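sequence-free structure coming up:
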């Protein structure tokens, strides 16, 4: 039986190794969530537009992204982007662009379900008031749709935060990598993997509690 | 940029073209070098093995844990089981799959020594199975809770014990209702099996990374690997659809034919 000694885990180790990775993971999550919601909304509107020139490309993009393992998407972007731009691109930037593109496909399905959850009468009422398509979306449909979507957005963001650990495949310095390097440098790989799991668990578990609370609040308002 | 598919017929040893692309797989040219196509097919086999074993673990544990979460309050034992299964779900779905793979590979064998004897792909399958079981358990629980409460009451009124009412009334309904979400979880498991690269299981993703470096024909290699992943996930989708049709409950609206590819 092996005994664990966590005394090596101190403030210095945290600031030297973990904090940098943690900040990158959080930054990646936030940027990908915002970018994913923006582009995802665009994709959802394309899919719901009823014009085949918009519907088919959006559907193709979404289905492609959703049928490929995220690790492969990360590798694809890391391979293709230098070819397209013509110069090497860092793992951090590549990871950020990948996650925005990947999450857009997932958020778009959430947004689409959210828009479709708005009663038809709302759309007709806005049209009857003389609103254009843009005004209808901006003032009537999307505000209601987004409110319905908030809990699912939060769940997806927790999944996203967990998924950021997959940038391991291209060697970006995220939370998991920080723990791994600390473990190697201090000769304590077992303890640091346990600490990594514990850290991810605490963050994701707390976030999912908050998401549950918000879900109950939104449910009461409706 | 033209695709150079010839790369798959080249030897993995010296980069020269081999006589038969499928040399070692089909038993042609016994002494020929293995080609990249051979390597690709072997890697696909590893992916299917890891994912298949993981899927078996996930389905069994998911069904058990999801059922336990819905147990009625019949005393301390059932309360313990409800708490245990709830903790199980929270534990395994709040830690990233890659971290769980590292735990099973680097950490847990130091505590449970017999695990050291297992081949590494088993450990990845266990990790994938436990991770996915938490998600499947949630679907099973949702399926059971979506049944009208009259079903459980009727079973009790007929004098069935708790175990009997689950076996003969609740589970036969619930497990059929949740086939579509289980389909997408199964497809996720195939996609998630790509994390096995991180502990050097020679599966598709590791093949993609290594062959890309060796040949500098990344686009062709990645394209082949991506197609094989999509094909595997699609095959699972078709099989589950078949099961769904075969087991459909008469008189109920069948769920839509196509389960989404959630992630």
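The structure has been received and is ready for your questions. The structure displayed is predicted, hence computed values, not measured ones. Numbering: from 1, shown residues only, chains lettered A, B, ... in the order given.

which SSE is the residue nearest in space to the middle of chain A in?
Most central in chain A under CA atoms, centre = their mean is residue A:160, positioned 3.8 Å from the mean C-alpha point. Here residue A:160 sits within helix A:142-163, counting by DSSP states H and E.

elements contacting that helix?
Here helix A:142-163 is seen to pack against helix A:19-48, helix A:91-116, helix A:189-221 when contacts are counted using 3 or more CB pairs under 8 Å, 6 or more residues apart in numbering or on different chains; DSSP states H and E. No exception for glycine: its C-beta is placed from N, CA and C like everyone else's.

Run through who's touching the helix or strand following that helix.
For helix A:142-163, the following helix or strand on the C-terminal side (DSSP H and E) is helix A:175-186. Outside helix A:175-186, the residues that touch it by CB atoms under 8 Å, 6 or more residues apart in numbering or on different chains are A:8, A:13, A:16-22, A:24-25, A:164-165, A:167-168, A:171, A:173, A:188-193, A:195-196, A:199-200, B:96, B:98-99.

let's go with 6 Å and repeat that
Contact with helix A:175-186 is made by A:8, A:13, A:17-18, A:21-22, A:25, A:165, A:189, A:192, A:196, as judged by CB atoms under 6 Å, 6 or more residues apart in numbering or on different chains.

So which bits of the stretch 1-150 of chain B are right by chain A?
For the stretch 1-150 of chain B, the residues in contact with chain A (CB under 6 Å from any CB of the partner chain) are B:94-96, B:98-99, B:102-103, B:106-107, B:110.

burial measure for the residue nearest to residue B:13 when sequence neighbours are not counted, as a count.
Closest residue in space to residue B:13, ignoring its immediate chain neighbours: residue B:33 at 4.7 Å, by CB to CB, 6 or more residues apart in numbering or on different chains. Using other CB atoms under 10 Å in any protein chain shown, residue B:33 has 18 other residues around it.

what helix or strand is residue B:151 on?
Secondary structure from DSSP H and E places residue B:151 in helix B:149-157.

quick one: buried residues of that helix?
Within helix B:149-157, the residues that qualify as buried are B:152, B:155, counting by 16 or more other CB atoms under 10 Å in any protein chain shown.

if we can go back for a sec, weed out the non-buried ones from the contacts of helix A:175-186.
Buried residues within those, counting neighbours by 16+ other CB under 10 Å: A:13, A:17-18, A:21-22, A:25, A:165, A:189, A:192, A:196.

tell me which of the residues you listed is nearest to residue B:165?
Nearest to residue B:165 among the buried ones among the contacts of helix A:175-186, counting by CB to CB, is residue A:165 at 41.6 Å.

I'd like the distance between that closest one and residue A:83.
Distance, residue A:165 to residue A:83, by CB to CB, to the nearest Å: 26 Å.

What of residue B:9?
Counting by CB to CB, the gap between residue B:9 and residue A:83 amounts to 24 Å.

Taking the residues of the stretch 1-150 of chain B next to chain A, please make a PyMOL selection of just the buried ones.
Restricted to buried positions by 16+ other CB under 10 Å, the PyMOL selection for the residues of the stretch 1-150 of chain B next to chain A reads:
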select buried, chain B and resi 94+95+96+98+99+102+103+106+107
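
Which of the residues of the stretch 1-150 of chain B next to chain A fall within helices?
Those of these mapping onto helices are B:98-99, B:102, B:110, per DSSP state H.

follow-up on the earlier one: residues contacting the helix holding residue A:160, please?
Where contact means CB under 6 Å, 6+ apart, the residues beyond helix A:142-163 that reach it are A:29, A:32-33, A:70, A:110, A:114-115, A:117-118, A:204, A:207-208, A:211, A:214-215, B:96.

which two from those residues end up farthest apart in space?
Checking the contacts of helix A:142-163 with CB to CB, the most distant pair is A:118 and B:96, at 34.0 Å.

hmm, back to that, looking at residue B:9 and residue A:83, which is more packed in?
Neighbour totals were compared for residue B:9 and residue A:83, and residue B:9 leads with 18 against 10 (other CB under 10 Å).

Could you check how far the more buried one is from chain A?
For residue B:9, the distance to chain A (CB to the nearest CB, to the nearest Å) stands at 22 Å.

Do I have it right that that residue meets residue B:36?
No - Residue B:9 is beyond contact range of residue B:36, at 7.5 Å (criterion: CB atoms under 6 Å).

counting contacts, what elements does the helix or strand of chain A with the lowest mean pLDDT pack onto?
Least confident helix or strand of chain A, by mean pLDDT, DSSP states H and E, is helix A:11-13 with a mean of 77. Judged by 3 or more CB pairs under 6 Å, 6 or more residues apart in numbering or on different chains; DSSP states H and E, helix A:11-13 is in contact with no other helix or strand.

How far away from the center of its chain is it?
Chain-centre distance of helix A:11-13: 29 Å, with CA atoms, centre = their mean, to the nearest Å.

cool, and stretch A:190-203?
Distance of stretch A:190-203 from the chain centroid (CA atoms, centre = their mean) equals 21 Å.

Flag the shaky bits of the stretch 1-150 of chain B, pLDDT-wise.
B:1, B:19-32 (pLDDT under 70).

in it, which spans are helices?
Using DSSP state H, counting those that start in this stretch, the helices of the stretch 1-150 of chain B run over B:23-26, B:36-69, B:76-93, B:97-102, B:108-111, B:120-146, B:149-157.

Mind listing residues that contact the fourth one?
Which is helix B:97-102. Residues outside helix B:97-102 that contact it (CB under 6 Å, 6+ apart): A:165, A:193, A:196-197, A:200, B:124, B:127, B:131, B:192, B:195.

please redo it, this time with the cut-off set to 7 Å
Residues from elsewhere that reach helix B:97-102 (CB atoms under 7 Å, 6 or more residues apart in numbering or on different chains): A:165-166, A:168, A:176, A:193, A:196-197, A:200, B:124, B:127, B:130-131, B:192, B:195, B:198-199.

just curious, which of the residues you listed is nearest to residue A:46?
When these are compared against residue A:46 (criterion: CB to CB), the nearest one is residue A:166, at 27.3 Å.

Run a quick check on that closest one versus residue A:70, I expect a contact.
Yes - taking contacts as CB atoms under 7 Å, residue A:166 lies within contact range of residue A:70: 5.5 Å.

Tell me which of those two has more neighbours.
Counted by other CB under 10 Å, residue A:166 and residue A:70 do not tie: residue A:166 has more neighbours, with 26 against 22.

what about residue B:246, how many neighbours?
Residue B:246 has 8 neighbours, counted by other CB under 10 Å.

Which one among the contacts of helix A:175-186 sits at the bottom for pLDDT?
Lowest pLDDT of the contacts of helix A:175-186: residue A:8, 71.

Any buried residues in the helix or strand encompassing residue B:188, and which?
In this structure, residue B:188 is located in helix B:179-192 according to DSSP H and E. Going by neighbour count (16+ other CB under 10 Å), the buried part of helix B:179-192 is B:179-192.
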